[in-house]
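> Everything below, folded, please.
(chains A and B)
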Amino acid sequence: MKRPLTALVFFIVLIAGWEFVYLRRIWSPVLVPSPGAVAYYLWQNTFMPGAPGVPNDNRWQLFVAIAVTMKRLLAGYAIGLGLGLPIGLITARFRAVRDTLGVLALGLQGLPSVCWVPLALLWFGQTEAAMLFVVVMGSLWSVVLATEAGVRNVNPIYVRAARTMGSRWLHIWVKVVLPASLPFIVSGMKQGWAFAWRSLMAAEIYVTILTGFGLGHLLHYGRELNAMDQVIGIMIVIVFIGLLADKVLFSPWERFLHRRWGTGQAG
Amino acid sequence: MTLQQELAAAPSAKLAVENVSKVFQTDRGRVHALDRITLLVNEGEFVCLVGPSGCGKSTLLNIIAGLETPDEGRVLTDGGPIRGPGRDRMVMFQESALFPWLDVAGNVLFGLRLKPGLTKRERMEVAEYYLNLVGLEKFRHANIHELSGGMKQRVALARALAPNPRVLLMDEPFAALDALTREQLYGDLQRIWAERRKTIVFVTHNVREAACLGDRVALFSPHPGRIREEFKIPLARPRDINSVGLAEHATEIMRALKGHLRTTEVET
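Model prediction:
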């Protein structure tokens, strides 16, 4: 009970400090709205759709934006994983692929994924495909490189032991090499997720796509309307989604790794 | 198939190593790991291969396991010449080589899942039987990293025995353990061997260990790897590694080993 309590106290103090700064009017309230105003914005857009003050066409706009963003992110990430794992395995297995595709992967992973946005727009126009492309490019290379590193770090004795027990080709890959590389793969998946998330936000802020307004767009409009409560509110939502993804997508894997391998950090 | 039928299914096999040679190409030139090795092992016999490191004894074990191929010569079991790894010859490695992503039972079941003709329940029964045999039935759901070195090797032994091989190949399985644990495992291994009667080829650089475990000890010398001498150990079992009779055999083997090392040093 002590740790959640410490965290709670920390955030209460943080918000109290914010309220204090707001009350003292150190900066203009347009630039620093009160915590209450931000909370009201979030409340209004989540629990009180169609409430007084919210235009009808803005109903559920926060939920819709979250849904639009998550759909883009999850679809792109799934594609990135689905492509990255096999490419990583092939890269680890064949020296020729490692010397070619492996080098390309390393280079492209170093490229900030927001740099794909202009290219995606020229290729796909202002469409969902462009968003998807940016997310895929953000996650793919991290997964490829992590899988490759994981496979190459598998202790060869595991494969030898498996072979003596009658394990062959596909069985060795699926039942030995893949699970043995899991610690690397999970950290690669995590990095891929982080890159994809960042690049999608950047893309949504800079590019308006009419098929759906994501969180990035709300953030952008918040700036255009000088609605600081909206800007901060959306930022908080983005932070929460990041935390939630970590807890839902990666914590179970990390706990499993920690329990089985006896390594890493317990949450 | 019942557990009893499964346990009785595979009798131990004869093993014949015929004129096996193996050369490795390293940065510093050619290493003659094995030079025309010939070795016969009877069914149910416990043979120890002893020699200093680099004498090719582990290479020979890997060739028998089918993990490496000889440059010359061949290895025969009852079933004919060896062509690659097979369930009839299981290996226990120096590091346990247990899979850290599986729990204890999962490791023992790994080979059993690949063995055709067993139902899921029979596999569980067989795994249970071998975990009992090595005294780890209480640890079936433990994770590998939670086990001590000695327990890991017990699990590795259970895993190697579970698919019911006809030959058990052991590559310095106790080298990394402390003396006390090792002594305990000598007792266990002899008890299990008496119960399961596998043909065992056991590689070690510990002469006393070889004298304690083997019916026969084959002495290797390096550069090139050759079998120099063979010793029969006619002591009664179970043997105590600290007994005087055993020490005499060990001393004899040790003296021979030192003699061969001196002559190879002169030769090279």
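
> quick one: contacts for the residue of the stretch 51-200 of chain A found nearest chain B?
Scanning the stretch 51-200 of chain A for the residue nearest chain B gives A:Met165, at 3.6 Å (criterion: C-beta to the nearest C-beta). Placement of C-beta: from N, CA and C, glycine included. For A:Met165, the contact set (C-beta atoms under 8 Å, 6 or more residues apart in numbering or on different chains) comprises B:87, B:90, B:110-111, B:114, B:159, B:163.

> List just the nearest of these to B:Arg182.
Of all those, B:Arg159 has the smallest distance to B:Arg182: 19.4 Å, by C-beta to C-beta.

> you'd agree that closest one is up against B:Phe110?
Yes. At 6.8 Å, B:Arg159 counts as touching B:Phe110 under the criterion of C-beta atoms under 8 Å.

> By neighbour count, which of the contacts of A:Met165 wins?
B:Arg159 (30 neighbours; other C-beta atoms under 10 Å in any protein chain shown).

> Now do the same for it: its pLDDT.
Listed pLDDT for B:Arg159 reads 92.

> one step back: so what's the residue of the stretch 51-200 of chain A closest to chain B closest to, chain neighbours aside?
Leaving aside its chain neighbours, A:Met165 sits nearest to B:Gly111 (3.6 Å; criterion: C-beta to C-beta, 6 or more residues apart in numbering or on different chains).

> Just the element for that neighbour, please.
Using DSSP states H and E, B:Gly111 sits within helix B:104-113.

> likewise B:Glu18?
Per DSSP H and E: strand B:15-26 holds B:Glu18.

> Repeat that for B:Phe202.
Taking DSSP H and E as the criterion, B:Phe202 maps to strand B:199-204.

> Next secondary structure element downstream of the lengthiest helix in chain A?
When chain A is parsed with DSSP state H, its longest helix is helix A:61-93. Per DSSP H and E, the first helix or strand lying C-terminal to helix A:61-93 is helix A:95-97.

> From B:Leu131, how far off is B:Arg123?
The gap separating B:Arg123 from B:Leu131 is 12 Å, by C-beta to C-beta, to the nearest Å.

> How about A:Val207?
From A:Val207 to B:Leu131 the distance is 60 Å (C-beta to C-beta).

> Have a look at those two and say which one is more surrounded.
The neighbour count for A:Val207 versus B:Leu131, taken as other C-beta under 10 Å, is higher for B:Leu131 (22 against 18).

> pLDDT wise, what is that one at?
91.

> same deal with B:Thr264?
At B:Thr264, the model reports a pLDDT of 66.

> Quick check: residues of the stretch 101-250 of chain A near chain B?
A:155, A:157-158, A:160-167, A:171, A:175-176, A:179-180, A:182 (C-beta under 8 Å from any C-beta of the partner chain).

> Narrow the residues you listed to those in helices?
A:157-158, A:160-164, A:171, A:179-180, A:182.

> What segments of the stretch 1-150 of chain A are helices?
Counting by DSSP state H, counting those that start in this stretch, the segments of the stretch 1-150 of chain A that form helices are A:2-23, A:35-46, A:61-93, A:95-97, A:103-110, A:116-124, A:128-152.

> re the thing from before, nearest to B:Leu7, of the contacts of A:Met165?
Using C-beta to C-beta, these come closest to B:Leu7 at B:Pro163, 11.7 Å.

> Next one: the closest residue to that closest one other than its chain neighbours from B:Arg87, what distance?
Nearest residue to B:Pro163, sequence neighbours excluded (C-beta to C-beta, 6+ apart): B:Gly111, at 4.2 Å. B:Gly111 is 7 Å from B:Arg87, where distance means C-beta to C-beta.

> anything in contact with each of those two?
A:165-166, B:163.

> which residues sit in contact with residue 260?
Since no chain was named, I'll use chain A. By C-beta under 8 Å, 6+ apart, the contact set of A:Arg260 is B:100-103, B:143-145.

> actually it's chain B I care about, not the one you picked
B:His260 neighbours (C-beta under 8 Å, 6+ apart): B:219, B:221, B:228-229.

> Just put those residues in JSON lines and tack on pLDDT and distance to B:Leu60.
Formatted as JSON lines, these follow (pLDDT from 0 to 100; distance: C-beta to C-beta, whole Å):
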{"residue": "B:Leu219", "pLDDT": "89", "distance to B:Leu60": "13"}
{"residue": "B:Ser221", "pLDDT": "83", "distance to B:Leu60": "13"}
{"residue": "B:Arg228", "pLDDT": "86", "distance to B:Leu60": "14"}
{"residue": "B:Glu229", "pLDDT": "86", "distance to B:Leu60": "16"}
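
> Let's see which of these end up in helices.
Those of the contacts of B:His260 lying in helices (DSSP H): none at all.

> ok, which pair from these is furthest apart?
B:Ser221 and B:Glu229 (9.1 Å).

> B:Ala127 touches B:Asp103, doesn't it?
No. With contact defined as C-beta under 8 Å, B:Ala127 does not count as touching B:Asp103 (11.3 Å).
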